[in-house]
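Chemist: return a 3D structure for these sequence lines:
(one chain, ligands or ions: 1)
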Amino acid sequence: MDCDVVSPRIWLWTILLFSFSLHAAGQTVEAAKQRVFRAGAATSNITPLLGTVISGGFQNHAATKVHDELHVRCLALDDGTTQIVFAVVDSCVIDRGVFDAAKKLAHAATGLPVENMLMSATHTHSGGAMTDVHQSKADPVYREFAIRRIADGVRLAVGNLAPARIAFGCGQVPQHVFNRRWYLKPGVPMPDPFGSQDRVKMNPGSGMSPAGTLPFTMDQLDRPAGPTDAQAWFITVRSPDGRPVALLANYSLHYVGGMGAGEISADYFGAFADRIEQLLGADRQGPPLVGILSNGASGDINNIDYRLPRAIKPPYEQIALVAEDVAQEVLRIEKTLNYHNWLPLGVAQKDVMLGIRKPGSREEVEKARAIMKGSKDYPRMVTVEEKYARETVVLSEYPPRVSAPLQVFKIGDLRVFAVPAEVFVEIGLELKRRYPTSFVIGLANGYHGYLPTPEQHVLGGYETWRAVSACLEVDASTKIVAGLEELARQVD
Ligand SMILES: [Zn+2]
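Modeler: Residues are numbered from 1 along each chain as shown. A predicted model of the protein is given here:
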């Protein structure tokens, strides 16, 4: 149709439609203008005083040397309606009492709802003890200090909120994750500390064997009893002019460790943070760029390939190598990402009731007390049998059930699941199968020990041996996954 034959009525409609769409476009632009996405990041130092108890071993060790400083590393995000904060703490395990107290203080200072804070421990085994575990007792002075400093970190990150752009991505770092639970060749005895036989062995080759058994030789090893997860997820934030603000990553590796007794270090979590800040080239800016590495679903994953003869490196050399590889892979993917001007944020949290595996009878507890009294170093428990006898006695005083916090953060399409346990990799993989754009932060918002799947419980092994650090009911992971799915639906 030729232009000059268009009727005046059609022209009128065209003009009306055009002005309407201009108006609508104007509204969209206006809405986008109003939807300012903001981010802020900060750290606070939580290095303990020398002499403070180090957490993570079966015994008390006092800090005698600081290899590298410990931090709370925080990232605050704000979509204009909802604010969320991640606080990742260089500590082995942190109970809910510490996290709740820190959240309360941070809420009082910022007004941020406590449900909108996701706090987690990295699981470095060379940090100060905030929580009793095995025979390492929390240092009450350090505990109070850490509560204040975690709250400070959140407050500082919220205080640094400024317009920002956000992206997330996922790399693959398969070379540093190994399932640490192994089937052994038929006929190799694997006694547990309670007089039964296991079907798998944690870290074959380590000293964690009941009396009378030796670490296993390579020709006795059969195959790993579970998978690994090579994914390295990360959330990255830049200022509108491109300056890096923060990068929070997640990798499913328990820790690297290997440092000497008494040494304070943030393990590879701290080394990653340091390296990514260096690689992004903005670690001298103000406010400083904050690198963060959270612990994924890594309860049964270590950094040792038992298939190969072990070339033991000096401890910090291995830590630097793992940190380098994770940081380089994250950076490689980061360079390919398109940053969003705005993404919606969502939060859901609930508690789930979980049973505790308590000793079955009074006789069992009395027998355990007798084993404890027989310790040559009483009250110090030295042998594996004595240590687990102590755990039996401690657990006999526990309530039959605990209430454990579950939480989901949603950032655009990305779901972050927070679980208060040392989550087995199978559980993280299951959640990733159901929600391919997701990751788990373990040891988050509380601490309830190892979280194997029911199938892994059947196989036995260290992570299932009943202790305060492994006391949840056999079906706990099923209940936790169901609870997380319910929360995932709530944030959709
Ligand atoms: Zn652990």
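
Chemist: lowest average confidence, helix or strand, in this protein?
Modeler: The weakest-scoring helix or strand in the chain, judged by mean pLDDT, DSSP states H and E, is helix 8-34 (a mean of 51).

Chemist: how about the nearest residue to Pro309 once chain neighbours are set aside, phi and psi?
Modeler: Counting by Cβ to Cβ, 6 or more residues apart in numbering, Met218 is the residue found nearest to Pro309 once chain neighbours are left out, at 7.4 Å. Any C-beta I mention is one placed from the backbone N, CA and C, and that applies to glycine too. Note on Met218: its backbone torsions stand at phi -60, psi -30 [degrees, to the nearest 10].

Chemist: what is the burial count for Met218?
Modeler: 12 (other Cβ atoms under 10 Å).

Chemist: helices and strands around the following helix or strand past the least confident helix or strand of the chain, which ones?
Modeler: Scanning forward in sequence from helix 8-34 by DSSP states H and E, the next helix or strand is strand 38-45. Contacts defined by 3 or more Cβ pairs under 8 Å, 6 or more residues apart in numbering; DSSP states H and E place strand 38-45 against strand 71-78, helix 140-159, strand 162-163, strand 244-251, strand 290-295.

Chemist: any chance of the ones you listed in JSON lines with mean neighbour count, mean pLDDT and distance to Phe409 as columns?
Modeler: Shown next, in JSON lines, are the helices and strands packed on strand 38-45 (neighbours: other Cβ atoms under 10 Å; pLDDT from 0 to 100; distance: least, Cβ to Cβ, whole Å):
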{"stretch": "strand 71-78", "mean neighbour count": "26", "mean pLDDT": "98", "distance to Phe409": "9"}
{"stretch": "helix 140-159", "mean neighbour count": "21", "mean pLDDT": "97", "distance to Phe409": "14"}
{"stretch": "strand 162-163", "mean neighbour count": "14", "mean pLDDT": "98", "distance to Phe409": "20"}
{"stretch": "strand 244-251", "mean neighbour count": "28", "mean pLDDT": "98", "distance to Phe409": "11"}
{"stretch": "strand 290-295", "mean neighbour count": "28", "mean pLDDT": "98", "distance to Phe409": "11"}
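
Chemist: which of these sits closest to Phe417?
Modeler: strand 244-251 (10.4 Å; Cβ to Cβ).

Chemist: helices or strands next to the closest one in the packing?
Modeler: Using 3+ Cβ pairs under 8 Å, 6+ apart as the test, strand 244-251 ends up in contact with strand 38-45, strand 71-78, strand 231-238, helix 267-279, strand 290-295, helix 315-334, strand 438-441.

Chemist: quick check, the residue nearest to Pro309 in contact with Tyr306.
Modeler: Yes - with contact defined as Cβ atoms under 8 Å, Met218 reaches Tyr306; the gap is 7.2 Å.

Chemist: in TSV, list the helices and strands packed on strand 38-45 along with distance to Gly187.
Modeler: Formatted as TSV, the helices and strands packed on strand 38-45 follow (distance: least, Cβ to Cβ, whole Å):
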stretch	distance to Gly187
strand 71-78	48
helix 140-159	47
strand 162-163	64
strand 244-251	37
strand 290-295	36
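
Chemist: where does this structure dip in pLDDT?
Modeler: Low-confidence segments of the chain, defined by pLDDT under 70: 1-34, 56-59, 205-215, 283, 310.

Chemist: care to break it down by domain?
Modeler: With domains defined by automatic domain parsing, the chain comprises 38-178+226-347+403-444+474-490, 359-396.

Chemist: distance check, the nearest residue in space to Ala62 that is not next to it in sequence against Leu221.
Modeler: The shortest distance from Ala62 to any non-neighbouring residue, by Cβ to Cβ, 6+ apart, is to Gly51 (5.2 Å). Separation of Gly51 from Leu221 (Cβ to Cβ, to the nearest Å): 41 Å.

Chemist: centre of the chain versus stretch 316-332, how much separation?
Modeler: 18 Å (Cα atoms, centre = their mean, to the nearest Å).

Chemist: buried ones in that stretch?
Modeler: 316, 318-323, 325-327, 329-331 (16 or more other Cβ atoms under 10 Å).

Chemist: same deal with stretch 113-122?
Modeler: Glu115, Asn116, Met117, Leu118, Met119, Ser120, Ala121, Thr122.

Chemist: next, give me the two most distant ones among the residues you listed.
Modeler: Glu115 and Thr122 (22.1 Å).

Chemist: that older thread, quick check, nearest of the buried residues of stretch 316-332 to Ile301?
Modeler: Nearest to Ile301 among the buried residues of stretch 316-332, with distances taken as Cβ to Cβ, is Val322, at 12.0 Å.

Chemist: quick one: the closest one and Gly257 touch, right?
Modeler: No - taking contacts as Cβ under 8 Å, Val322 lies outside contact range of Gly257: 10.9 Å.

Chemist: how about the strands in the stretch 101-250 of the chain?
Modeler: 117-121, 162-163, 165-172, 178-179, 181-184, 201-202, 221-224, 231-238, 244-251 (DSSP state E, counting those that start in this stretch).

Chemist: distance to Glu69 added to those strands, as a markdown table?
Modeler: Listed next are the strands of the stretch 101-250 of the chain as a markdown table, based on distance: least, Cβ to Cβ, whole Å:
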| stretch | distance to Glu69 |
| --- | --- |
| strand 117-121 | 16 |
| strand 162-163 | 26 |
| strand 165-172 | 27 |
| strand 178-179 | 29 |
| strand 181-184 | 33 |
| strand 201-202 | 31 |
| strand 221-224 | 35 |
| strand 231-238 | 22 |
| strand 244-251 | 18 |
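
Chemist: and Ile150, which of these is closest to it?
Modeler: strand 117-121 (6.5 Å).

Chemist: next one: Ala87 from Pro400, what distance?
Modeler: On the measure of Cβ to Cβ, Ala87 and Pro400 end up 31 Å apart.

Chemist: who has more neighbours, the two?
Modeler: Ala87 (26 against 9).

Chemist: can you classify that one by secondary structure?
Modeler: strand (DSSP: H, G, I helix; E, B strand; the rest coil).

Chemist: over to Glu486?
Modeler: helix.

Chemist: check contacts around Leu321.
Modeler: By Cβ atoms under 8 Å, 6 or more residues apart in numbering, Leu321 lies in contact with Lys313.

Chemist: with Phe272 instead?
Modeler: Ala249, Tyr251, Gly291, Leu293, Val322, Ala323, Val326, Ala327.

Chemist: same check, this time on Asp475
Modeler: So Asp475 contacts Gly355, Pro454 (Cβ under 8 Å, 6+ apart).

Chemist: hey, C-alpha coordinates of stretch 173-186 in PDB?
Modeler: The C-alpha trace of stretch 173-186 is given here as PDB (Å, rounded to 0.1, in the frame of the first residue of the first chain):
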ATOM      1  CA  VAL A 173      38.600 -27.400  38.300                       C
ATOM      2  CA  PRO A 174      38.600 -31.200  38.400                       C
ATOM      3  CA  GLN A 175      42.300 -31.700  39.200                       C
ATOM      4  CA  HIS A 176      42.000 -30.900  42.900                       C
ATOM      5  CA  VAL A 177      39.000 -32.800  44.100                       C
ATOM      6  CA  PHE A 178      39.100 -36.500  45.100                       C
ATOM      7  CA  ASN A 179      36.600 -38.600  46.900                       C
ATOM      8  CA  ARG A 180      38.400 -39.500  50.100                       C
ATOM      9  CA  ARG A 181      36.200 -42.600  50.900                       C
ATOM     10  CA  TRP A 182      37.600 -45.800  49.400                       C
ATOM     11  CA  TYR A 183      36.500 -49.300  49.000                       C
ATOM     12  CA  LEU A 184      39.300 -51.700  49.800                       C
ATOM     13  CA  LYS A 185      40.100 -55.000  48.200                       C
ATOM     14  CA  PRO A 186      38.000 -57.900  49.600                       C
END
